[in-house]
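**Q** Starting from these lines, generate the structure:
(4 chains)
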There are 2 protein chains.
Amino acid sequence: MNSYEQLLREHKIKVTPQRLSIVEELYGCVHMGIDELYMAIKKKFPSVSLATVYKNINTMLDNDFIQEIKIPNEKSKYELTKEAHSHVVCQECGKVEDIMLDLYSLSQKAENLTHYQIKEEALVFSGICPNCKAS
Amino acid sequence: MNSYEQLLREHKIKVTPQRLSIVEELYGCVHMGIDELYMAIKKKFPSVSLATVYKNINTMLDNDFIQEIKIPNEKSKYELTKEAHSHVVCQECGKVEDIMLDLYSLSQKAENLTHYQIKEEALVFSGICPNCKAS
DNA sequence: TTAAATGCAAAAAATTTGCAGACGT
DNA sequence: ACGTCTGCAAATTTTTTGCATTTAA
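**A** Got it, this is the predicted structure:
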């Protein structure tokens, strides 16, 4: 049993070839949108249906196996769930990168200012990546 | 000429009753989704069409008159453009509040870590608002 | 007067659902 | 064997577009 299977089982998600393809695609800090994912999977798995991708994305979201990243002015992308982190997205090419930042004190400030009980934070920086800066 | 008209003109947006309704609804740190907005406007303006609301939202986004707020697990809401700020959203009732936080040093860190040139930041805290905590 | 906005209906895009057959456990 | 997943098609939902008419400047 390979590690992708293991990952799925740990989240109580039944292992199917289609689901394994999704994990393969997203493994290793990869961020993809539904269409990207669909087309990528279709290459190795031509019979896959878009509906199946949607269903599996929803299952995986429900089981906290993947996360949706909502990006200003762009469509959402998805990633495998890992420790909380923030994102940097390139406004030119759309590339997304993970970034570890300590948001604790900000979160504290937010609680003090609003009296909400803060449970999570979503932080997305937008800018220009080194590649796009060069060209 | 009232202040809503003025606001629109400052952003080079032609003044129409439908657009004035949108401004009235959003004025004063109000955050609303498309449907909410549509239904609110329909009350004072029964003939308004959903297509018009979409078109106007898009025009206003293009002209930087309003901003879209992408919220985890929820539909987007819109607000009048003002100085950069962050948001706190209640996971129970969906209420959104503005919050001023200094993200400068975080943004610097993000630049140092990723070598992106950061242009903007979107920060949304999710939690439970004081009202919902009480009940 | 002229370009742009409106409302409607239709079209397109995005997402979900129902179901028969296939598959995982 | 049982319940779940898949693929397909159809149904919804969301958003955009085309066009005739009205309206703002």
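
**Q** Any residues of chain A in contact with chain B? List them.
**A** Listed as neighbours of chain B in chain A under the rule Cβ under 8 Å from any Cβ of the partner chain: A:68, A:70-73, A:86, A:88, A:90-91, A:97, A:99, A:101, A:103, A:106-107, A:109-111, A:113-130, A:133. C-beta here means a position set from N, CA and C on the backbone, and glycine is covered the same way.

**Q** Go again with 6 Å.
**A** By Cβ under 6 Å from any Cβ of the partner chain, the part of chain A that sits against chain B consists of A:70, A:72, A:88, A:97, A:99, A:101, A:106, A:110, A:113-130.

**Q** The closest residue to A:E120 other than its chain neighbours in helix, strand or coil?
**A** Spatial nearest neighbour of A:E120, excluding adjacent residues (Cβ to Cβ, 6 or more residues apart in numbering or on different chains): B:S126 at 5.0 Å. Three-state call for B:S126 (DSSP: H, G, I helix; E, B strand; the rest coil): strand.

**Q** just A:L123 next, same as before
**A** Per three-state DSSP, A:L123 ends up strand.

**Q** Based on its surroundings, how many neighbours for it?
**A** Residues lying near A:L123 (other Cβ atoms under 10 Å in any protein chain shown) number 22.

**Q** and if you look at A:D62?
**A** For A:D62, using other Cβ under 10 Å, the count is 11.

**Q** mind listing the helices for chain A?
**A** Here chain A has its helices, by DSSP state H, at A:3-10, A:17-26, A:34-44, A:50-62, A:104-114, A:130-134.

**Q** Single out the most deeply packed of those helices.
**A** Mean neighbour count (mean count of other Cβ atoms under 10 Å in any protein chain shown) peaks for helix A:17-26 among the helices of chain A, with a mean of 19.

**Q** What helices and strands are in contact with that one?
**A** Counting contacts by 3 or more Cβ pairs under 6 Å, 6 or more residues apart in numbering or on different chains; DSSP states H and E, helix A:17-26 is packed against helix A:34-44, helix A:50-62.
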